[in-house]
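Asks: I'll drop the sequence and a predicted model, then ask my questions.
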Amino acid sequence: MPFVTRIPFAFGSFSRRKFGPTYLVSANAISINEGSSVTFTITTSKVPDGTTLYWTITGTATGADFSDSASSGSFSINSNSGSVVRTALADTTTEGSETFALQIRTGSTSGPIVATSSNVTINDTSLTPAFTVTGGSISQSGGYTYHYFYSTTTYTITGNTSGYSFDWLLVAGGGAGSWVGSNGASGGGGAGGMKTGTVSSASAGTRSITIGGGGSVGFNFSNPSTPGSSSSVTLPDGTSVSTTGGGCGAGESNGTTNGGSGGGSNFGGGGAGTGVSGEGNNGGGGINPYVGGGGGGKGAAGSSQNGGIGAAWVNGQYYAGGGGGGSRYGVYSGGSGGYGGGGTGGNASTGTATSGTYGTGGGGGGGGYIFDTGGGASAPGGGGIFALRYLTP
């Protein structure tokens, strides 16, 4: 019988080897939007129930990109399974897409890494406004943002305004209606000059605004009513615009009746003011011996009693209406103010007129004369306004 050499099985020892724990981490999504969550499932083997494992994130995302601001944490294994949920923060900053992966560690958040997930992308769904405008009273309507300024101040543009245009409105202060002395009926104040337009380009920076006040009322020959004050502004594209204050109404003695829109004449038909071309219209002539003329408005000249109508801007509101003329005796009521903030003229019962509306540049109403009693007070003009409108970025 041949001699047979028995060779021991060289690999038999592998069948008796004791393998340690295993770890696998997987995500239920490969991308999420800001504000949404992704769940990571950790599957193990040979890990006792209740074991604490730890997680950290790696990639371009940081803890600040998550709703809890955490970049590490811990969880427990039970039945060889555990999970970690991460919710992306829905911020308002445009930062582009970011990615992250979940690392599983033992011992602590700085312990050995035993598993790493595939990358998850956070899609940036927020849009930082391309630019911002600060200043004034701000409102939004129909997809547009509006800024209204009623006093001298500044406004500031920051950011990239490329592709945006700005509609603008500028109105000066309205003129006051004229006072009434011993026997008369006075003219209404002219509206402040009004200009509108659109600029198709703008640049960042701080710009100045000057808003004209309404004219003040007079009370005797030495102190007549006054016209409104001018308004001016530097527009978003850097150009400068100004408008002229409205003329005051004519009376027995008056200040300047010419202006953005002219003041109305006295009851005798004299002294009606002229308006500035492109800003307003002339004041109207009175009717002897009953009423003073109405102040001019942006949209029309004053009539023999009523103030001229103003004009609408892109927000649908009217501005720069003329003040109504005052009446004399008991025959006529005071003239109506022009639509767009014009004040009403004083009637023959009380004599008292009403003011031009604040923030419209409307002219003040002229004072009326009460028979055997004397003159009633006229009214001041309304202050001006500057406004901006642009598509909300």
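Replies: Looks like it came in fine.

Asks: any regions of this structure where pLDDT drops low?
Replies: 1-18, 127-128, 181-184, 252-254, 329-332, 351, 371-376 (pLDDT under 70).

Asks: show me the domain layout of it.
Replies: As given by automatic domain parsing, the domain ranges for the chain are 21-123, 129-393.

Asks: looking at those, which is buried most?
Replies: With neighbours defined as mean count of other CB atoms under 10 Å, those peak in mean count at domain 129-393, which reaches a mean of 27. C-betas here are computed from N, CA, C, even on glycine.

Asks: leaving out the residues flanking it, which one is nearest to I104?
Replies: Leaving aside its chain neighbours, I104 sits nearest to A115 (4.2 Å; criterion: CB to CB, 6 or more residues apart in numbering).

Asks: who are the contact partners of that neighbour?
Replies: Y23, L24, V25, I42, Q103, I104 (CB atoms under 8 Å, 6 or more residues apart in numbering).

Asks: over to G215?
Replies: G215 touches 173-176, 189, 225-229, 245-246, 248, 255, 364, 380-381, counting by CB under 8 Å, 6+ apart.

Asks: ok, now with 10 Å
Replies: Contacts for G215 (CB atoms under 10 Å, 6 or more residues apart in numbering) come out as 173-177, 189-190, 192, 225-229, 245-249, 255-256, 259, 263, 323, 356, 363-364, 378-382.

Asks: is it true that T94 touches A130?
Replies: Yes: under the criterion of CB atoms under 10 Å, T94 makes contact with A130 at 9.2 Å.

Asks: can you pull up the most central residue in this protein?
Replies: Compute the mean C-alpha point of the chain, and by CA atoms, centre = their mean the closest residue is I138, 3.1 Å away.

Asks: in three-state terms, how would that residue be classified?
Replies: strand (DSSP: H, G, I helix; E, B strand; the rest coil).

Asks: ok, what's across the strand from it?
Replies: The partner list for I138 in beta bridges (DSSP bridges) reads H147.

Asks: the closest residue to G294 other than its chain neighbours: what's it in contact with?
Replies: Distance criterion CB to CB, 6+ apart; nearest residue to G294, sequence neighbours excluded, is G302 at 3.4 Å. Neighbouring residues of G302 by CB under 10 Å, 6+ apart: 187-191, 249, 261-265, 272-273, 275, 281-286, 292-296, 308-309, 321-325, 335, 338, 342, 363.

Asks: repeat the analysis, applying 6 Å as the threshold.
Replies: Each residue near G302 by CB atoms under 6 Å, 6 or more residues apart in numbering is listed here: G264, G283, G284, G293, G294, G295, G296, G308, G322.

Asks: how far does stretch 132-150 stretch from one end to the other?
Replies: 20 Å (CA to CA, to the nearest Å).

Asks: sorry, wrong one. I was asking about stretch 234-243.
Replies: Stretch 234-243 end-to-end distance (CA to CA) = 12 Å.

Asks: which other residues reach it?
Replies: So stretch 234-243 is contacted by 166, 170, 172, 193, 195, 199, 201-202, 207-208, 230-233, 260, 279 (CB under 6 Å, 6+ apart).

Asks: so which of the residues you listed belong to strands?
Replies: Counting by DSSP state E, the part of the contacts of stretch 234-243 found in strands is F166, L170, K195, V199, R207, S208, S231, S232, V233.

Asks: okay if I get those residues as CSV plus distance to F66?
Replies: What follows is those, written out as CSV (distance: CB to CB, whole Å):
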residue, distance to F66
F166, 38
L170, 48
K195, 51
V199, 42
R207, 40
S208, 44
S231, 50
S232, 50
V233, 45
